[in-house]
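Q: heads up, no residue letters with this:
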């Protein structure tokens, strides 16, 4: 019984450490100016790992045309206000490729929110898809990231970084005619320590074994 209890304890300990630390936003809120060609940056204090998590909501409606009055988007790059050319209608989106400075050369949607980790790379925080109202006639202005690991967000299994700079920037290739901003607000982490699916499976198996052992012991004792 002592050996099995120790096994269960180790399984629970492994579960508790399955997710890393929450990444805090300075002051709990970050504003991303649509006119900024460098975005808004802060330094993460400590070692940033793929298992560390983020959770926040993003509001605001930056506009990329006509002095910030047309081609207005939500954080997934889905238009909420028409652009100035045909086809740039509410519910649509348009892709671009980053030029490497400051946005690395991946594919993104114009008007989307992009997160950059120094030494790692960049991801578009919210995918441009139907889940984020691509094709909708009334896309929401505010989107939320539930507690998500950096790996699952799209950064992959990167080498842990010491005191890296984290940047949030509006996806665009020319910023001079923009207007508006995104406001990123820290979300409340879930009560207790988040547990990954694999850790839950391991813990459940350990508890099942403990239950079987206890039942077997009880039946054996009753048979005596």
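A: Yep, it's here. Remember, predicted model here, so these are calculated numbers, not experimental data. Numbering: from 1, shown residues only.

Q: ok, residue 35 - contacts?
A: Contacts for residue 35 (C-beta atoms under 8 Å, 6 or more residues apart in numbering) come out as 175, 176, 178, 179. Where C-beta positions appear, they are placed from N, C-alpha and C, glycine not excepted.

Q: make CSV out of those and add secondary structure, pLDDT and neighbour count.
A: Below are those laid out as CSV (DSSP: H, G, I helix; E, B strand; the rest coil; pLDDT from 0 to 100; neighbours: other C-beta atoms under 10 Å):
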residue, secondary structure, pLDDT, neighbour count
175, coil, 96, 16
176, coil, 96, 8
178, coil, 97, 24
179, strand, 98, 18
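
Q: in the chain, which ranges drop under the pLDDT threshold?
A: Within the chain, the segments meeting pLDDT under 70 span 1-18, 190-224.

Q: can you give me the helices in it?
A: Here the chain has its helices, by DSSP state H, at 2-16, 150, 197-223.

Q: bridging residues for the nearest residue to residue 132 once chain neighbours are set aside?
A: Setting aside the residues directly before and after it, residue 132 is nearest to residue 76 in space (C-beta to C-beta, 6 or more residues apart in numbering), at 3.7 Å. Residue 76 has these beta-bridge partners by DSSP bridges: residue 112.

Q: quick one: residues contacting the residue nearest to the spatial centre of the chain.
A: The residue lying closest to the centre of the chain (C-alpha atoms, centre = their mean) is residue 153, at 4.7 Å. Contacts of residue 153 were listed using C-beta under 8 Å, 6+ apart, and they are 54, 115, 123, 125, 145.

Q: no further questions, thank you.
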